[in-house]
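Chemist: Build the 3D model from these lines:
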Amino acid sequence: MKKIILLLALLFGLSSIAQAETVVYNPNSKIYHNPTCPSAKICKTCIKIDKQAAQQKGGRACKKCGG
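Modeler: Numbers count the residues shown, from 1 in each chain. Okay, here's the model as predicted:
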């Protein structure tokens, strides 16, 4: 029983981490990048926000890195 509870707690904990993915968002072009994307590293106007927040602002994924 303890193993099942521990497993469920682990699964729910990991799912909340996956939802809070940080991306690098350009408010001018409305494109978001993975933080390791070369385009994100040279961006002057980019900000770090949640992926979900970037999508709510009308953002789309970078074609190079997939956001």
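Chemist: Skipping adjacent residues, who's closest to I49 in space?
Modeler: Using CB to CB, 6 or more residues apart in numbering and skipping the chain neighbours, the partner closest in space to I49 is Y25 (5.1 Å). Every residue, glycine included, has its C-beta placed from N, CA and C.
Chemist: That neighbour: how many residues sit nearby?
Modeler: As a burial measure, Y25 scores 25 neighbours (other CB atoms under 10 Å).
Chemist: And the helix or strand containing it, what's buried?
Modeler: Assessed by DSSP states H and E, Y25 sits inside strand 22-26. By neighbour count with 16 or more other CB atoms under 10 Å, strand 22-26 contains the buried residues V23, V24, Y25, N26.
Chemist: And for stretch 40-55?
Modeler: Buried residues in stretch 40-55 (16+ other CB under 10 Å): A40, C43, C46, I49, K51, A54, Q55.
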